[in-house]
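**Q** kindly generate the corresponding structure for this input.
(one chain, ligands or ions: 1)
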Amino acid sequence: MFLNTNFPKAKKYWYQGKFHDWSEAGFHPMMHALHYGTCVFEGIRAYPTAKGPAVFRLPEHNDRFFLSAGVIKMAVPYTKEQVSEAICETVRANGLNSCYIRPLYFYSYGNLGMVPKACPVELAISAWEWAAYLGENAASGVRAFILPTRRIHHTQFNMAAKLGGTYVQSTIAGLEAREQGFDEAIFLNMEGRIAEGPGQNVFIVKDGTLVTNGRTESALEGITRTSLLELGQHLGYKTVVGRITKEDLFGADEAFYSGTAVEVIPIVSVTDGSDPAGARVAHTIGSGKPGPVAQRMIKAFADAVSGRLPQFEKWLTYVGK
Ligand code: PMP
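**A** As a prediction, this is how the structure comes out:
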């Protein structure tokens, strides 16, 4: 029996073609993914619109899901169409209007050698209401901490994939930042420049230009990030995909995190903890409050996901029925 205390309104999850009561599960301790993180996942959101709940950028998430599965050489048992349909069904079956959706392909029970030769690949899809990822106060700006640990380098690993095991680095980073009294972490890359948050991209704003980085800076090129670049241009901002140094971040007019879970959250202060032996200096970003560009981007993103911007309705998949 699994209580759903931290998964509000979740009623059922989809597993291998069938719905199961949220509180009932019977997974075996010898499942491969449990030991080695041999799973791939997506983080997707659905939002309320005038035409009922709609999944934001479902085809793009689905493409990334299958790309991730390919990276870990999974022989996947479902097609993209079947996964899209199962995602929409899961939102409907839970009666959710606004939710976070988590599809998960994993190497299941079979053998426990590193090579999962006898382990079938299975699919589970869950959906629940997940409100403010960094807490209710995050909208007024968060305090970020630059960790000493560098982000896994893009030459070591396909940064476009979301593989369960590599998220151990993100979990440790998130715990570390909170242990040190901050809201969230920022990783530097091996070159000493800004990479990304544990589950977010980083944007800075300088003189009215939106700047973010990409894969070769050891960041996942997030779907929210790509959407914000397009929305930013729509609002008339210049956008740049390039490198962000620590000094660029400290001297930025504004900064924010972006990601499916976090959405768009202003960063109002950054403390450099990258040198464990060095002095820790807290840098206030801009005025120390959410800036005007971040606020416009937050509004534009909220309008786009809820179908209030006709030219971006192309990003919505209505759940229907
Ligand atoms: N970086 C990492 C490491 C992430 O896990 C995520 C969340 N998927 C992001 C960035 C943001 O990506 P997206 O906007 O696609 O959610």
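
**Q** from here on, contacts and neighbour counts on C-alpha atoms
**A** OK.

**Q** excluding its backbone neighbours, what's nearest residue 221?
**A** residue 214 (5.6 Å; Cα to Cα, 6 or more residues apart in numbering).

**Q** residues touching that neighbour, list them.
**A** 220, 221, 241, 242 (Cα atoms under 8 Å, 6 or more residues apart in numbering).

**Q** repeat the analysis, applying 7 Å as the threshold.
**A** Residue 214 makes contacts with 220, 221, 241, as judged by Cα atoms under 7 Å, 6 or more residues apart in numbering.

**Q** neighbours of the first one, just the number please.
**A** Yep, that's residue 220 we're talking about. For residue 220, the neighbour count with other Cα atoms under 10 Å is 23.

**Q** which residues does the closest residue in space to residue 237 that isn't next to it in sequence bridge with?
**A** In space, and not counting its chain neighbours, residue 237 is closest to residue 209: 5.9 Å by Cα to Cα, 6+ apart. Following DSSP bridges, residue 209 is listed with bridge partners residue 206, residue 238.

**Q** would you confirm that residue 209 contacts residue 239?
**A** Yes. The criterion here is Cα atoms under 7 Å, and residue 209 meets it with residue 239 at 5.6 Å.

**Q** let's verify residue 224: helix, strand, or coil?
**A** Under DSSP: H, G, I helix; E, B strand; the rest coil, residue 224 falls in the helix class.

**Q** so what's it up against?
**A** 258, 259, 260 are the contacts of residue 224 under Cα under 7 Å, 6+ apart.

**Q** thought the last one was touching residue 43?
**A** Yes. Using Cα under 7 Å as the test, residue 260 is close enough to residue 43 to be in contact (6.4 Å).

**Q** and the contacts of residue 214, which is closest to the ligand?
**A** Nearest to the ligand, judged by Cα to the nearest ligand atom, of these is residue 220 at 4.7 Å.

**Q** so that closest one sits against residue 162, correct?
**A** No. Counting by Cα under 7 Å, residue 220 stays clear of residue 162, with 8.7 Å between them.

**Q** ok, and what's touching stretch 233-246?
**A** In contact with stretch 233-246 (Cα under 7 Å, 6+ apart) are residues 193, 194, 208, 209, 210, 211, 212, 213, 214, 217, 229.

**Q** can you select the buried ones from these in PyMOL?
**A** The PyMOL selection below is limited to those of the contacts of stretch 233-246 classed as buried (16 or more other Cα atoms under 10 Å):
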select buried, resi 193+194+209+210+211+212+213+214+217+229
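
**Q** tell me the one among the contacts of stretch 233-246 nearest to the ligand.
**A** residue 214 (10.0 Å).

**Q** rewinding a little: for the residue nearest to residue 221, grab phi and psi.
**A** Main-chain torsions, residue 214, degrees, to the nearest 10: phi -140, psi -160.

**Q** now it: how far from residue 222?
**A** 9 Å (Cα to Cα, to the nearest Å).

**Q** ok, residue 195 next?
**A** In terms of Cα to Cα, residue 195 sits 12 Å off from residue 222.

**Q** same question, residue 310
**A** Distance from residue 310 to residue 222, by Cα to Cα: 22 Å.

**Q** can you check residue 126 too?
**A** Applying Cα to Cα to residue 126 and residue 222 gives a distance of 21 Å.
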